[in-house]
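Student: sequence plus the predicted model coming up.
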Amino acid sequence: MILTLLILVPIVAGILSFLAKDSAKAVALISSIATLGLTAYISAASYSQPMAWSMPWIPRLGAQLSLYSDGMAAMLCLLTGIVMPVIFISNWNKEVENPGSFYGLMLLAQAGITGVFLAHDALLFYFFWELALIPVYFLCSIWGGEKRIPVTFKFFVYTFVGSLLMLSAIIFLALQNPGANAYGWDSIVSAGMSLDPVTQQWLFWLIFIAFAIKMPIFPFHTWQPDTYEQSPTSVTIILSALMVKMGLFSVIRWLLPVVPEGVAIWSNTIIILSIIGIIYASCIAIVQTDMKRLIAYSSIAHMGLMSAAAFSQTSTGMHGLMVQMFNHGINITGMWLIVSMIEQRWGTRDMTKLGGMAISAPKMAIAFVIISFANIGLPLTNGFVGEFMLFNGLFQSPSPYHITYMVLAGLGVILGAVYTLNMVQKTTYGNTVGMTIQKDLSVNEYVGLAVIIGIILMLGVYPKPLLDMTAAAAGVMMP
Amino acid sequence: MKAIIASTVFGVILMFTGLMVKEKRSVGTVAILLLALLLGVNIWELSAAGNQPQTYFNNMLRIDRYGLWFNTLMTGCTLLYAMLVNKDIQRVGAHVAEYFALICFILCGIYLLSSYSSMLMLFLGIEILSIPQYILAGSDKRNLKSSEASLKYLLMGSFSTGILLMGITLLYGATGTFNIIGFTFLQDDLLSPTALAGIIFLMIALGFKVSAAPMHMWTPDVYDGAPTPFTAFMATVVKAGIFVAFMKLFSVGFGALSNHWMLVLAIVTAATLLVGNITAVFQQSVKRMLAYSSIAQAGFMLFAILAVNATAWQGMIVYAVAYSVATIGLFAVLLKLKDYTYDGFNGLAKKQPLLAGVTAIFIFSLAGIPLTGGFMAKYMVLQAALEQGQLMWLVIFALLMAAVSAYYYFRVIIAMYFKQGNPELNSEVTGSDKLLLIVTGIIVLILGIAPQVVIAGI
């Protein structure tokens, strides 16, 4: 029952925000802190044993309202629970046009994303998968940058096509096991596993394309840099910290166990695509001058590594993936917050025009450096723990080319250091040419970044809680 | 049977009302009352009906529960439609009473189509339903486009009626009966070419009526030229009625022969989806876009006919209601606007947030976004097609076409929410308009969350 609250609270608060208009900000913050409390409780409770809840929904079709929270789902809900209040706190002194709708849509997006993580029924999963998209589409299109309308539309159509293909696969799988619970996760898994390898292969692609677009994996990534750039930063955080995790999460929950033979046949291809994505995106990131685009490409590279590990079929890789999903969410939230603060103060994201932030805003500069280190995956930051396990997993992969994979993916880390440090150097150090002195972090920004940095350092030094939480899920998921 | 009689009588009463009551508003009120009464008659008949079908006229009509439930739902949609566009119908021309009377006669045709078992009754139903439409299409007499639409529809419609009759005749020649339940030849291995030709003729004629490609040519011109309130009716309830007749004929009458006609109909379906969706992309007028979108939606409804199974029957009824309600709502909004192009919607969200909000729900439903009735409808017909087993290619094609449809539907959303503009309204949006639109929107959402409310009645 408490699992439904996790979805209902943001929905109710979202509707209240629409009505509250000017005090929507407060509604959003209160609701997001309430959900954070709920997720903390659920994480603690799911630590030892998964929680589940279900009731009949459309009996004729065999669909149920069924929610399930194991370590992985709880961990991602916790991530959502942390990121949302951080966004709201950091934006506290920022005025948005029409705040009622803005915060209302943000909360509805949160409800949709949480629903995806919790759904244990394929039809319900599809519902939330699409529902998370609609508010984000409106958010980007109304509050985004200059080219927002065509860019967001491209994003929408892309993801919509993917979802529809997945829908056909879901119906197909549900029809294999008709009954009162045809869409339940167990039924879908047993239906998928019993199919012959050929059927599994095309089902694999029908499902995978939807997730690949969301993550995004090369060559389905073309919507991503534009959308990240054009969206308002709060929405970019939702997209990159939370929605891309929907893609990875769904691979682990709805793809790997469902069509194991299809996965076995195609996993090498996916790993190669992911590695191409890592190197390609890293190279493009190096030549970017717009900070938002740079981080967008860096995100593609990181997702590539995670997706390669997801298909490496090792439990270490899987475990690392879970940890890294959380860490990437935290780190990239920090990155975007800093970018938005820079843009707010100096009115540009162009690195060639920035410089000397360490002098004019030293606290912000320190925060930026720490978050950048985490983005590279330096030891003592959370990024290191995750990436180490990902590489470890990739190295142990049964594929004969595992060393090549490992070396090429490792190149991504080196390139990552190149572009990230370059960005830090250009914005933080050097002369303050053209940069007026602006005030350093305000209290609310300080709180937002402190939470992020606190998590980065804590998990960098002592990742055990997160590892324990997801261990069972990583073990269970492996065939 | 009660509903068939009532719809005719009410139509006649309405015509006399036109003689006695001069004021248009009163005529409209009387019409709505009579339609509500008709809905009551339908519910009465439905609740009195047992599980055994009733037969009338020497087994020419066979009224079963499915047909009665379908009639009730369609009458409900018509009532909703009449309430939403009542004032707009009054504005079309001088003969308001006749317009409503013709709508009653069309309902009578639908009642016949949902419960025929003889092909003669099918023919009667199609004609009772078509002839009022020819008149309604041309009811805006001073408008050249309306007259053109009416003439075009009449000529093309008569032609397809000829084909329908030819098909019926050929089948009679092959089987010696008009009764689709008595088509025993269908179980035989010996399928005469005459019967096969008859089936194809019937497919063409009914395909014409539901505007399936390549028999769809009349649709855009007629829907665009006809007065908008009547387009709303022709594109929704009427179409749904013909679809049920189509499905009944092909699944009860020719179901056992499905391997002979399935491929032809599958290709027709693919062509309908392709033509409807691709052409809709290039339209500048929302009304014309909706005409093409009605072709596209017909493509999805054809899946229910292709599937020939129990899910298809359920899917058809969900689709009919979900599509009708959302389209009627969208037309009601369109009627409020002066400019029917996409630009006419620019900035609607700022000026009329409620109007824009419900329009968004209707658009989501037509595009098939979850939480709306349109999603559940598409879902069920596609599931029916997958259960059938041989149509995976067509399902994937249809889903890709659904993605194309998102493109042109979302242009309305983009215009309303993301563009600046000052849309001009035809008339003020009154409180009752708002209430009705909200109710319509809620119906769409309920269908999306709990489609069993519609399925359970079967």
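Tutor: Sure, I can see it.

Student: Three-state assignment for residue 191, please.
Tutor: In the absence of a named chain, chain A is used. Of the three states, A:A191 takes helix under DSSP: H, G, I helix; E, B strand; the rest coil.

Student: I was thinking of chain B, sorry if that wasn't clear
Tutor: Put simply, B:L191 is coil when judged by three-state DSSP.

Student: roughly how far out does stretch B:21-39 sit from the chain middle?
Tutor: In this view, stretch B:21-39 has its centroid 23 Å away from the chain centroid, taken as Cα atoms, centre = their mean, to the nearest Å.

Student: got the buried residues for it?
Tutor: Residues B:24, B:27-28, B:30-31, B:34-35, B:38-39 are the ones in stretch B:21-39 that count as buried (16 or more other Cβ atoms under 10 Å in any protein chain shown). The way it works is simple: take the backbone N, C-alpha and C, and place the C-beta from them, glycine included.

Student: between those residues, which is closest to A:I113?
Tutor: Proximity of these to A:I113 (Cβ to Cβ) peaks at B:L39, which lies at 42.2 Å.

Student: can I assume B:Q452 is in contact with B:Q314?
Tutor: No: counting by Cβ atoms under 8 Å, B:Q452 does not reach B:Q314; the two are 9.6 Å apart.

Student: chain B: strands as residue ranges?
Tutor: B:54-56, B:61-63 (DSSP state E).

Student: quick one: closest of the ones you listed to chain A.
Tutor: strand B:61-63 (23.9 Å; Cβ to the nearest Cβ).

Student: for B:F57, what are its contacts?
Tutor: Neighbour list for B:F57: B:M121 [criterion: Cβ atoms under 8 Å, 6 or more residues apart in numbering or on different chains].

Student: quick one on the thing from earlier: redo the strands of chain B as CSV? Include mean pLDDT, distance to chain A and mean neighbour count.
Tutor: What follows is those, written out as CSV (pLDDT from 0 to 100; distance: least, Cβ to the nearest Cβ, whole Å; neighbours: other Cβ atoms under 10 Å in any protein chain shown):
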stretch, mean pLDDT, distance to chain A, mean neighbour count
strand B:54-56, 88, 26, 15
strand B:61-63, 91, 24, 22
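
Student: which among these is found nearest to A:A122?
Tutor: A:A122 sits nearest to strand B:61-63 of all the strands of chain B, at 38.5 Å, using Cβ to Cβ.

Student: what helices and strands are in contact with the closest one?
Tutor: Helices and strands touching strand B:61-63, by 3 or more Cβ pairs under 8 Å, 6 or more residues apart in numbering or on different chains; DSSP states H and E, are strand B:54-56, helix B:96-115.

Student: show me where pLDDT drops low in the chain?
Tutor: Reading this off chain A. Scanning chain A with the threshold set as pLDDT under 70 gives A:432-438, A:475-479.

Student: try again with chain B
Tutor: In chain B (pLDDT under 70), the answer is B:183-190.

Student: count the residues that sit near B:S432.
Tutor: Using other Cβ atoms under 10 Å in any protein chain shown, B:S432 has 12 neighbouring residues.

Student: quick one, what contacts it?
Tutor: Applying Cβ under 8 Å, 6+ apart to B:S432 gives no contacts.

Student: and A:V263, by the same measure?
Tutor: By Cβ under 8 Å, 6+ apart, the contact set of A:V263 is A:204, A:255-256, A:311, A:313.

Student: again, but for A:E445
Tutor: By Cβ under 8 Å, 6+ apart, the residues touching A:E445 are A:90, A:337, A:341, A:364.

Student: check A:N431 too.
Tutor: Contacts for A:N431 (Cβ under 8 Å, 6+ apart) come out as A:355-356.

Student: can you say which helix or strand has it in it?
Tutor: Using DSSP states H and E, A:N431 falls within no helix or strand.
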